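Colleague: prediction below, plus the sequence it came from.
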Amino acid sequence: MRFIIPLLTLPLLQTSILHAEDKPAAWWNPAWSQRQLLTLDTSAASSDASGAATVLVRLHDGNFQFANATEGGSDLRFIAGDGKTSLPYQVEKWDGLLNEAFVWVRLPEITSGGKTTAYLYYGGGDPAVAAPDKAKAYGDNSAAVHHFSEPTPADATSNANNANAAATLAEGSLIGRGLRLPSPAPLTLAGSDSINWTQGQDLGVSFWIKPASLQANAALLSRGDFKILLDQGIPLIESAGQRSNAGAPVAAGSWHHLVVVSKDGGLQLFLDGKPYGQLAAVLPAGNDALAIGHAAESEAFIGEMDELHITRTAPTPGDIQLAFANQGSSEAAQRTLFLGEVEGGEATGSHSAALEHVMLFGDIARNMMFDGWIAIGVCIIMIVVGWTVAFRKFTYLNSIQKGTAEFLSQWKSLSSDLTALDHTDEKSIRTLGGSTAPATLALVEKSPLYEIYHIGSEEIRHRLARDKNRTQGLSGRSIQAIRAALDAGLVRVTHKLTNGLVYLTISIAGGPYVGLLGTVVGVMITFAIIAKSGEVDVNSIAPGIASALLATVAGLVVAIPALFIYSYLNSRIKNTTAEIQVFIDEFIAKMAEYYPPAGEVSPYAPAERPTPESKP
């Protein structure tokens, strides 16, 4: 049994250089549109590891197109280098918001001191082609594998050696989530046929630790008389009261890889891939509970733990060196594992980046809290109301613009002689002296100028009703009264033109504030959760902050279009009211010219008018 090995990646340029000589295998299944070559180079880690192994594939923006994969990684398929054999895999974490994923895959054979290749397929897929059993991502010699990705740590193998109680998880640990110790309740793995030990058997126990401080006799793992300790930063094996020899202490606040190997009647300790200490004692038999992070007579470990792997075979030094190199973040790790360029399907599609950005909003929305949805709901209401008002106002202004153009065409001939209009006849007034066809009149009646004209003509008609020969004219007071009526009509028309614009001004002023309120509340709740859980890392902060900021984006989406629409509509309304004001001035001037007061003769009066003496 080989140790579970994490897979890191190098930049695509370096990958393409390393694999330029490789001959690609035939496409495995046309239902999958994209694939990438996966390469493990054990020589880069100075390791002679060989045989089967479970490796960790780290996916991120730099080496994988998340936009073209199914959320959760259900369309991922790993195919061996022969292009035919499907490899079992298990997704530990998939974060579509941060574009980060951790996937464990079983490689059937690792080449000692050389390269091992496989293919990662994704994009599309065939529902009839089921993924391999994820429990088979670990070999038969794996007794227990804990990634600490669930509140109650569960065994990733089929052995079901699950933890007995809920634990405190650490977001953004070494690989996804990790275990934060001490736990609220003592964390143990109950004894079972798969996890029990016999005296002196071959065994491997590996895990990563990050001590928060250096303690005396802090228990990392214990079962009966067997303990793995960290004493003032010095890793130790203790069995039946004996301890392994001490080496240099580790530093607090940094990750370190510990491996304990039982083989050939002795116990050996490896630290960060290298031999560290040994104990000339056999592994004691054990079938009771396996305690994690504590022991009855030892202090509880304070810090973080990740990737606990227990195997029923002893790993080789090459396995341990490779595991440390690839799980860490050293330069050697970057030279050891590669993920190649994208092949096939939409690999070079110019739309993928844009699509990925659009899909990010969906990922962000999934992390939205209830208060953020309230703010976005209010913004949606404002958008619906504002755009409805804008659409109706556009339609209205366009209709009156056409009506005004037609009215001014009719008015041009009518204004040359207002006396040609029979102001005593309401039909003559309405039809602009009978010169307007019914179809044209329906269009003209939509114009606010026609409304003003009608008001003025009605006022003239009332005053000339008793002067059919138009000899009395209009006095200065009458003209002043008519102007007042026209100005009142202008006010009513202006109200009609500006009706509803207040909803756009509310959107402009209120949208950003509503969005900001949702953001502030979301950020406040995010920090409150962080303070309560004690997690201060980007993985715990970023989703909450991003979802909170989405409320501000919604507020700006409300306000910015509303601002442009309001400015455009307001400009057109001002032009329309100015045009009406000019028409009122022209109407009053024409009216005063064609209907002079008594004592003055209008140039448009009848040539022969009856005198009082000539009346019978």
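Modeller: Noted; the coordinates are in hand.
Colleague: tell me the first helix or strand C-terminal of the helix-or-strand element of the chain with minimal mean pLDDT.
Modeller: Of all helical and strand segments in the chain, the minimum by mean pLDDT, DSSP states H and E falls on helix 12-18, at a mean of 35. Following helix 12-18 in sequence order, the next helix or strand is strand 32-41 (DSSP states H and E).
Colleague: C-alpha coordinates for that next one, CSV please?
Modeller: Written as CSV, here are the backbone C-alpha positions of strand 32-41 (Å, rounded to 0.1, in the frame of the first residue of the first chain):
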residue,chain,number,x,y,z
TRP,A,32,-16.6,14.7,-22.8
SER,A,33,-15.4,17.9,-24.6
GLN,A,34,-12.1,18.7,-22.8
ARG,A,35,-9.2,16.9,-21.3
GLN,A,36,-5.8,17.8,-19.7
LEU,A,37,-2.7,15.6,-19.3
LEU,A,38,-1.9,14.8,-15.7
THR,A,39,1.8,14.0,-14.9
LEU,A,40,3.5,12.8,-11.7
ASP,A,41,7.4,13.1,-11.9
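Colleague: neighbouring strands - and their directions - for it?
Modeller: When pairs are called by DSSP bridges, strand 32-41 turns out to pair with strand 115-124 (antiparallel), strand 337-343 (antiparallel).
Colleague: so which bits of the last one are buried?
Modeller: So that's strand 337-343. 337-340, 342-343 (16 or more other C-beta atoms under 10 Å). Heads up, the C-betas are built off the backbone N, CA and C, glycines and all.
Colleague: weakest of the strands paired with strand 32-41 by average pLDDT?
Modeller: With a mean of 87, strand 337-343 has the lowest mean pLDDT of these.
Colleague: just how off-centre is that strand within its chain?
Modeller: Its chain's C-alpha centre and that of strand 337-343 lie 26 Å apart, by C-alpha atoms, centre = their mean, to the nearest Å.
Colleague: per-residue confidence averaged over stretch 555-574?
Modeller: For stretch 555-574, the per-residue pLDDT averages 92.
Colleague: and the contacts of that stretch?
Modeller: Stretch 555-574 has contacts (C-beta atoms under 8 Å, 6 or more residues apart in numbering) with 375, 379, 382-383, 386-387, 390, 393-394, 397, 494, 497-498, 501, 504-505, 507-509, 511-516, 518.
Colleague: kindly recompute the last result at 7 Å.
Modeller: If you take C-beta atoms under 7 Å, 6 or more residues apart in numbering as the criterion, stretch 555-574 is touched by 379, 382-383, 386, 390, 393, 397, 497-498, 501, 504-505, 507-508, 511-512, 514-516.
Colleague: same question, stretch 442-459
Modeller: 399-400, 402-404, 406-407, 410, 423, 429, 436, 482, 485-486, 489-490, 493, 576, 580, 583-584, 587, 591.
Colleague: from the residues you listed, list just the buried residues.
Modeller: 400, 403-404, 406-407, 410, 423, 429, 436, 482, 486, 489-490, 493, 576, 580, 583-584, 587, 591.
Colleague: what are the C-alpha coordinates of stretch 185-201, in CSV please?
Modeller: The C-alpha trace of stretch 185-201 is given here as CSV (Å, rounded to 0.1, in the frame of the first residue of the first chain):
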residue,chain,number,x,y,z
ALA,A,185,-15.5,16.8,23.0
PRO,A,186,-12.7,14.2,23.0
LEU,A,187,-12.3,13.0,19.4
THR,A,188,-11.8,9.2,19.0
LEU,A,189,-12.1,6.5,16.4
ALA,A,190,-13.7,3.4,17.8
GLY,A,191,-11.8,0.1,17.5
SER,A,192,-12.8,-2.1,14.5
ASP,A,193,-11.4,-5.0,12.6
SER,A,194,-9.9,-2.7,10.0
ILE,A,195,-8.2,-0.3,12.4
ASN,A,196,-7.1,-2.7,15.3
TRP,A,197,-3.4,-3.5,15.6
THR,A,198,-1.6,-6.7,16.3
GLN,A,199,1.7,-6.6,18.1
GLY,A,200,4.6,-5.6,15.9
GLN,A,201,2.6,-5.5,12.7
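Colleague: from the chain's centroid, how far away is that stretch?
Modeller: 43 Å.
Colleague: may I see the buried residues of it?
Modeller: 186-189, 191, 194-195, 197, 200.
Colleague: nearest to residue 370, out of the strands paired with strand 32-41?
Modeller: strand 115-124 (33.6 Å; C-beta to C-beta).
Colleague: that's a strand at residue 544, yeah?
Modeller: No: applying DSSP: H, G, I helix; E, B strand; the rest coil, one finds residue 544 to be helix, outside a strand.
Colleague: surely it touches residue 527?
Modeller: No: using C-beta atoms under 7 Å, residue 544 makes no contact with residue 527, being 8.2 Å away.
Colleague: could you pull out the helices for the protein?
Modeller: 12-18, 317-327, 331-336, 352-366, 370-414, 426-430, 438-444, 448-464, 476-498, 501-533, 538-594 (DSSP state H).
Colleague: show me the strands in the stretch 51-200 of the chain, by range?
Modeller: 51-60, 77-80, 86-87, 89-95, 100-110, 115-124, 142-146, 168-170, 178-181, 187-189 (DSSP state E, counting those that start in this stretch).
Colleague: got JSON lines for the ones you listed, with distance to residue 218 too?
Modeller: What follows is those, written out as JSON lines (distance: least, C-beta to C-beta, whole Å):
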{"stretch": "strand 51-60", "distance to residue 218": "27"}
{"stretch": "strand 77-80", "distance to residue 218": "38"}
{"stretch": "strand 86-87", "distance to residue 218": "38"}
{"stretch": "strand 89-95", "distance to residue 218": "27"}
{"stretch": "strand 100-110", "distance to residue 218": "27"}
{"stretch": "strand 115-124", "distance to residue 218": "38"}
{"stretch": "strand 142-146", "distance to residue 218": "19"}
{"stretch": "strand 168-170", "distance to residue 218": "17"}
{"stretch": "strand 178-181", "distance to residue 218": "9"}
{"stretch": "strand 187-189", "distance to residue 218": "14"}
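Colleague: out of the ones you listed, which comes closest to residue 24?
Modeller: Here strand 115-124 is closest among the strands of the stretch 51-200 of the chain (C-beta to C-beta), at 8.5 Å.
Colleague: show me how far that closest one is from its chain's centre.
Modeller: On C-alpha atoms, centre = their mean, the centre of strand 115-124 falls 27 Å from the chain's centre.
Colleague: may I see the buried residues of that strand?
Modeller: 115-124.
Colleague: from those, which is closest to residue 280?
Modeller: residue 116 (36.3 Å).
Colleague: among the strands of the stretch 51-200 of the chain, which is nearest residue 371?
Modeller: The nearest among those, by C-beta to C-beta, is strand 89-95 at 22.8 Å.
Colleague: elements contacting the closest one?
Modeller: strand 100-110 (3 or more C-beta pairs under 7 Å, 6 or more residues apart in numbering; DSSP states H and E).
Colleague: what's the angle from the strand it packs on to strand 115-124?
Modeller: 140 degrees (axes from the mean of the first three to the mean of the last three C-alpha atoms, to 10 degrees).
Colleague: show me what strand 100-110 is packed up against.
Modeller: strand 51-60, strand 86-87, strand 89-95, strand 115-124.
Colleague: switch the cut-off to 6 Å
Modeller: strand 51-60, strand 89-95 (3 or more C-beta pairs under 6 Å, 6 or more residues apart in numbering; DSSP states H and E).
Colleague: buried ones in the last one?
Modeller: When you say that, I think you mean strand 89-95. Quick answer for strand 89-95 (16+ other C-beta under 10 Å): 89-95.
Colleague: export these as JSON lines, with columns for pLDDT.
Modeller: Listed next are the buried residues of strand 89-95 as JSON lines, based on pLDDT from 0 to 100:
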{"residue": "89", "pLDDT": "94"}
{"residue": "90", "pLDDT": "94"}
{"residue": "91", "pLDDT": "93"}
{"residue": "92", "pLDDT": "92"}
{"residue": "93", "pLDDT": "92"}
{"residue": "94", "pLDDT": "91"}
{"residue": "95", "pLDDT": "87"}
